[in-house]
Structures are given as structure tokens and as C-alpha cells.
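**Student:** here's my sequence, what's the structure:
(one chain, ligands or ions: 2)
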Amino acid sequence: MKRVRLLVFNAALGVLDYRVPEGMAVEHGSVVIAPLGPRQVLGVVWEADRLSAQDVPESKLRPLLEVLPVPPLPAQLRRLIEWTADYYCAPLSSVARMALGSMAALRGGGTATEYRLTGAEPARLTPQRAAALDALQGEQASIRELAELASVSEGVLRGMVGAGLLEPVTVDLDRPYPRARPEFAVPELSEGQQAAADTFVAAVREHRFAPFLLDGVTGSGKTECYFEAVAEALRLGRQVLVLLPEIALTENFLRRFEQRFGVPPVLWHSSLKSSERRRAWRAVISGEAQVVVGARSSLFLPYADLGLIVVDEAHEVSFKQDDGVRYNARDVAVIRAKFEAIPVVLASATPALESMQLAEAGIYKKIELPDRFGGAMLPDIRIVDLRQEPPERGHWIAPRLVEEMKERLARGEQSLLFLNRRGYAPLTLCRNCGYRFQCPNCTAWLVEHRFSKRLACHHCGHDVPVPDACPECGTADCLVACGPGVERIADEVAEVLPEARTALVTSDTMNNPEAIGEFVAMAEGGAIDVIIGTQLVTKGYHFPELTLVGVIDADLGLEGGDLRAAERTYQQIAQVAGRAGRGEKPGEVLIQTRHPEAAVIAALANGDRDAFYAAETESRRDAGAPPFGRWAAIIVSSEDQAEALAAARAIGGTAPNLPDMLVLGPAPAPLSLLRGRHRFRLLINARRSAELQKALRDWLEPLQFPKGVRVNIDVDPYSFV
Ligand code: ADP
Ligand code: ZN
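**Tutor:** Residues are numbered from 1 along each chain as shown. Ligands and ions are numbered 1, 2, ... in the order given. So this is what the prediction gives:
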């Protein structure tokens, strides 16, 4: 090639042409450095006929500077990047960026320097050095990462290197990962599992696109089934990607993977340290990483030879990214499988309605595991009607649930209480003047956290200490908590079951792998009687002694009233119920509600999943909602309210008049202020026949807005706030 077209990593620049200097070898997908004015930019060589650019005469082209020493991004990945940008109306360069690791990873392998404690213990230390010494036991990372870990400046740590307290260690960035062994510990599968596994294994061998919906009740052993497909890919020397909805679940997964294959898989998530990121990315593109387990961002990595994708807990909403490129990793995983011509397994006990519909239509092949593994029974589900059996005043756990918990405690079994609300109370107000604590940056109340003694906004992270007096009227000791969060439930458990050993599981307490590992070990070892948790405890865990699950407020999720509220409530409660009775002892679930007649609650109580899906499908069909119609949202925001409103009105005023597309709004967003930005929303409801993305582009691209205005498009939105 003499002349190349580059996709450069700057959304404003987009596409630029360059000359290839004599003797430089580039191909499509090569990652290169090119000159731009006095600066340099990173780019990927792209098929020229797939990207439009201004025609620049040969003589004006500047030469590329350098080809980076990594294999070219594979063609299937380039097609995936194009598809994603097109479907989600996102800049190509923003999507492509997700495929690249760090600049350091692109620069090549070699070595990196990390630091660790030498073990020296000087008699006298500054408080900062003492704190660092404490915090860095057993750690090894770059100075910057260690500084973050120890909450001291990099300067302090450099001083410690000078004083011989920290020492440099050279790490080889391309040191190989231990090899996973497909025959390490092959389990004996049940008949149903074996049939499912055989189907997956055959699909891996065939190397063609095959989407599966693995629909198995909680505890049916879905993991064991898809592990057989992983084993087959390993035997064939091909790579596997397993997507998990959140890092909190990886701990559990890692252990099971290691038990099956003898070594841990390669991890990819946002909190990897830089040297691990580099190593993992390079192993992915070289083909050396056999099995990658990660959050949604691992979907866009440049696998050299992918043989299988698994999306576990595929119904989870956290697969939808809600900032930057607003894609749904579950859906893009299927598209990636298509471009790679490989099978993809979506595993869930409570599949998304969209996935069910695709299975019904014969597009996905549905594989069912209707029974729990090892003969365990699904738990009994009962309703506690809070209108008839209310808890005591100022309490949230109904007497019947308390009695059941007491019985479990007496028998040495475990209980789990689920409430999807962090903190102590969702609202704090002044008893004297009625003042409510609100976030200055968001349309949201501040949530009291008793352990940290702070009031925090769960949207922007703003937090302040709990004051002694009301900021409005100055009265001391007048703040009252309204409503329960998990911390308050934990207090109540301590009151009604004082001898119980409890664990609080929320993203505030379980924010690192060590904490999660410790919790799991304690729960498995019988050192915990009552677990109180948010959605974090609803899935993945397998505690054989857990025989009672209490849902504190089943109506909570229905309040939001968005499109998927009922479905999400169903999934969450079915998942948390699925934690009960997984061992030999039968499980029981008590659901506290004020609306036992609601379709979703009745379906849960009767164990009638089909009825729920059928009713939900009908209501979606009537509303023209997915999967029968499509939605897109346009979110307009600015720090200046008038400016945001003007922009939203300008968009509304130029809305296309198409027969298969209905435009609603603009209207103030439910979260009308978020992180200091005023927000307005438009909602588009389109028929399946509509060319939604094209209509959006034709509509929005000609419009110009002031610098402070941001216009975000959300195709297939999950969040309606
Ligand atoms: P699911 O993900 O479907 O809820 P899991 O994969 O967690 O279910 O399986 C439930 C439990 O049963 C796990 O402890 C798992 O190790 C065990 N299990 C499942 N299948 C087998 C098998 N074939 N042999 C031994 N144990 C199994
Ligand atoms: Zn806020």
C-alpha cells in the first residue's frame, strides 16, 4: 500500500489519509502513529472504501511515522466496530478505542518496573510512611498505583525508595499465563446437562454462528454445561470470552474455573493494574490468552482466534453501558459471534423478554435445564401481605419473617434478607422544620450512611458528614431517617436476633475482591447466620446452608414505572429466591409486599413464570415496546438550564414526520439535574420497519449547538431517567 486511510483516535478528526513511506509495511488493521500538525496521533489503517473522507491530492499527503509492534486488528473486529458505531449512533473512534489497551501495551512487550516493600522496619517513621508501610503489605505495583492504594503522594513513596523501604522489581510483561487444562477435572454431568453440553461442544467444533439461550433454573448447573464448550475450544486451541455482569461475581467464577481447568482464567476489568492490563491485552491479541473473563469492556478486545462467547446472567441490566458508547454488551456479543462465525451462549435463569422472543422466533436456539442439579428442590415462595401483617412501628421486618429467621438460627441454618437500597435511609429530614437533605448537583435526596457517618448522593458521589444540627433551622439532634436501607435492616436484625452473626453485603462494604472472598469463605464456613444485602447478593452464590430468603420490599422496583420495571422485579426476586435451598435442605422464600395482587408478585408466588412472560409480552406488544417496536432516547444537557431547554426545543422542532416513528418530548428528564447538568429528554418510539438510526442521523447531524450543550443518543435505552 502506498496510500492509507486512517481512523484516528479523536472524534473531531475522524478519518485522515496518509502516505506510506518507502520500506514501511502496513496492512488493514495496523496500528500506526501519524503526524498531525506539530503533534502525533494514533490511528488504525482502515479499508478506504468503508470510510468516507475528504479527497486529498497525493502530493499533499504526509508520511506515516511508525507502525506499532502489535498484530493488526483483525477484520472481524473492524466490522464489529463499524456495526456498533452505526447501530448505536456513536463515533467510530470512540468504539475503536475500546479495542485498544493502553499506549504502553501498543508500544510492545519488554519489562516494567514495579515496587514492593523490602521488609525493612526503621525505628522512626513519619506518619505518612508508617501509613504507607501498613497499607502496602503484600502489594506490588507501579508507584502511581501504590500511591493510590496507600492514599499518600507519589513523592512520599519515592522518598521511601530512597530510604530503602521500597524496592524496584522488574516484571516481564509478556510472561506466559499458565495453560488451562481441558481434562483437569471433568465433572459427571446429569442427563440434561450432558445433552446441553453436547450441543454446545458440537457448535464449537463446527465453527459457525450459532446463538443459544441457555435457560436453566437457579442451581441447575448452567456453568458446568458451558464449561464443556470452553473445554472443547481449549482442545482446539481457540480463545473463549466469558462476560460477567459485574466484577463482584468474578471471585466465585474464578474459583470454579480453577477447580475445573486447573488454573485461573485471564481477567479483564477496569481495576486491573497497568502492568496486568498490558500483559492481558498483549496475550489477547497474540492468541496466548486462552480464556478471558471480564466485564462488558472485554467484548471489544482484539482476540486473535475467538472460538466461543458466553454471556452469563445474560438478563442483567449492567450489560448496558449508560455513558460514552451506549451499547448493550449482550446484544453486541451476539453480533460479534456472527462476525466471528462462532457460537454464543446467553445463560440465565430469568432471560430478558427480548431474548425469550428471539428464541420463540427460532433465531436463538433455546436449551432448557428445568431441574436443579443433584435433586435439590426449588424453594417454596410465600407472600407476606404487609397490610395484614405489618411490622412493628419503626420496623421493616414482619413478625412472620422474624419467626422464620429465629427458627433458622435455632437450627444452625442461614437466612438472607434482600433490599435493593444502599445506606441507612433513603431520605433524611429535620423533625423541627421539615428540611430535606438534597444533592446540590442532582435531583436526588442524600442517603444517610451510618457506618461512614456521611450523607451521600448515589448519582454523583457528592458526600458530606452528617451534621449535628439542621442546616436550615439550626436545631440540634433533630434529624430523622425516613424509610429503610440495608444498614437499617441490619440494625433491626441486631435488635430482634441479638445473638445472630450478620454480614452486610453492598457495594459500600464489598468493594474489592478480598472483601468478597472473605465474605464467601465466612458464609460457606457457617460463620454467618444472617446475610443482609442489595442486588449484589442476588446471584451467583451457592450457600448450601441458606434455607430462608426474605424480600423486604417487593414493591420497590415497581415504583419507577419504566418499561422494564415488572420484568426487573421478577428477575431480581426470582434470582434472590434462587439462593435458597440449594443444598440438601429445602428452601423457603417470604416476599413482603403491599400489592400481592400485582401480576408479577402473583406469578412469583405461584411459580408461574410462563404466565408472567406471556402477560408481559402482551403488554409490550400493545405498547409497541421492545421487542415488538423500538425505542431511542435523545438526552440534551447543559450546565445552563435555558441553553439546554433551547437546544432540546430546537431538536423537537425539527423532528422528522415519519409514518413509522413517533417522537415524544422534549420534557425535563426525571433526573432533571445530574452532576450539575440540566437535562431534557426526547423519546422516539419506532416500528421495527423504521430505519431508526438513519432517521436519527439525518435529523441531528445538520443541527448546531452551543459548546456547553451535550446531545446523547441512546438506542434501545434501559434507563429512562
Ligand atoms: P446455576 O448457575 O445454574 O444457578 P450452578 O452452575 O451454580 O447453577 O450449579 C449449582 C451447584 O451445583 C454448584 O455448586 C455446582 O458446582 C453444582 N453442580 C452443577 N452441576 C454439577 C455436576 N455435574 N457435578 C457436580 N456438581 C455440579
Ligand atoms: Zn448528586
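
**Student:** tell me which parts of the protein are close to ligand 1?
**Tutor:** Neighbours of ligand 1 within the chain, by Cβ under 6 Å from any ligand atom: 187-190, 193, 216, 218-224, 373, 542. Glycine gets a C-beta too; all of them are placed from N, C-alpha and C.

**Student:** now do 8 Å
**Tutor:** Residues of the chain lying close to ligand 1 (Cβ under 8 Å from any ligand atom) are 187-190, 193, 216-225, 256, 312, 347, 349, 369, 372-374, 376, 540, 542, 578, 582.

**Student:** buried subset of those?
**Tutor:** The neighbour count (16 or more other Cβ atoms under 10 Å) marks 189-190, 193, 216-225, 312, 347, 349, 369, 372-373, 376, 540, 542, 578, 582 as buried among those.

**Student:** mind listing which of those are in strands?
**Tutor:** The strands, defined by DSSP state E, take in 216, 312, 347, 369 from these.

**Student:** make CSV out of these and add pLDDT.
**Tutor:** Formatted as CSV, these follow (pLDDT from 0 to 100):
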residue, pLDDT
Gly216, 95
Asp312, 96
Ala347, 98
Leu369, 96
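
**Student:** between those residues, which is nearest ligand 1?
**Tutor:** Nearest to ligand 1 among these: Gly216, at 5.0 Å, using Cβ to the nearest ligand atom.

**Student:** max-length strand in this structure?
**Tutor:** Across the chain, the strand with the greatest residue count (assigned by DSSP E) is strand 661-674.

**Student:** average pLDDT for that one?
**Tutor:** Across strand 661-674, pLDDT averages out at 94.

**Student:** the helix or strand that comes right after that strand near ligand 2 anywhere?
**Tutor:** Where DSSP states H and E defines the elements, the next helix or strand beyond strand 661-674 is strand 677-687. No - Strand 677-687 lies apart from ligand 2 when judged by Cβ under 5 Å from the ion; the minimum separation is 10.8 Å.

**Student:** what comes up buried for the helix or strand hosting Leu409?
**Tutor:** Using DSSP H and E, Leu409 sits in helix 399-411. By neighbour count on 16+ other Cβ under 10 Å, the buried set for helix 399-411 is 401-402, 404-405, 408-409.

**Student:** can you check stretch 129-149 too?
**Tutor:** Using 16+ other Cβ under 10 Å as the test for burial, stretch 129-149 gives 129, 132-133, 136, 140-143, 145-147.

**Student:** equivalent analysis for stretch 359-377, please.
**Tutor:** Buried-residue list, stretch 359-377, by 16+ other Cβ under 10 Å: 359, 364, 366-367, 369, 371-373, 376.

**Student:** narrow the residues you listed to those in helices?
**Tutor:** Those of the buried residues of stretch 359-377 mapping onto helices are Ala359, per DSSP state H.

**Student:** tell me how many other residues crowd the residue in the stretch 251-400 of the chain that ligand 2 sits nearest to.
**Tutor:** Across the stretch 251-400 of the chain, the shortest distance to ligand 2 (Cβ to the ion) belongs to Asp323, at 15.0 Å. By other Cβ atoms under 10 Å, the residues close to Asp323 number 7.

**Student:** and Gly550, what is it in contact with?
**Tutor:** Contact analysis of Gly550 by Cβ atoms under 8 Å, 6 or more residues apart in numbering lists 397, 401, 404-405, 415-418, 589-590, 592.

**Student:** give me the beta-bridge partners of it?
**Tutor:** Here Gly550 sits in beta bridges with Leu417, Leu590, as judged by DSSP bridges.

**Student:** what does Met661 give?
**Tutor:** Ala686.

**Student:** that one: neighbour count?
**Tutor:** Met661 is flanked by 22 other residues according to other Cβ under 10 Å.

**Student:** distance from stretch 615-622 to the middle of the chain?
**Tutor:** Between the centre of stretch 615-622 and the centre of its chain there are 27 Å (Cα atoms, centre = their mean, to the nearest Å).

**Student:** how does the chain divide up, domain by domain?
**Tutor:** 3-99, 111-117+125-172, 191-374, 376-421+484-617, 629-715 (automatic domain parsing).

**Student:** and the residue of the stretch 401-550 of the chain nearest ligand 1?
**Tutor:** Going by Cβ to the nearest ligand atom, ligand 1 is nearest to His542 of the stretch 401-550 of the chain, at 4.3 Å.

**Student:** what's near enough to touch the residue in the stretch 101-250 of the chain that ligand 2 sits nearest to?
**Tutor:** Residue nearest to ligand 2 within the stretch 101-250 of the chain: Glu246 (21.9 Å; Cβ to the ion). Glu246 makes contact with 295, 316, 318, 536, according to Cβ under 8 Å, 6+ apart.

**Student:** can I get those residues in TSV including pLDDT and neighbour count?
**Tutor:** Formatted as TSV, the contacts of Glu246 follow (pLDDT from 0 to 100; neighbours: other Cβ atoms under 10 Å):
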residue	pLDDT	neighbour count
Ala295	91	22
Glu316	93	26
Ser318	92	15
Leu536	88	23
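
**Student:** okay, and which of the residues you listed map to strands?
**Tutor:** Per DSSP E, those never map to strands.

**Student:** quick one, phi/psi of Ala481?
**Tutor:** phi -90, psi 140 (degrees, to the nearest 10).

**Student:** what's near enough to touch the closest residue in space to Ser298 that isn't next to it in sequence?
**Tutor:** Of all residues not flanking Ser298 in the chain, Trp268 sits nearest, at 4.1 Å (Cβ to Cβ, 6 or more residues apart in numbering). Contact analysis of Trp268 by Cβ under 8 Å, 6+ apart lists 277, 280, 284, 292-295, 297-298, 301.
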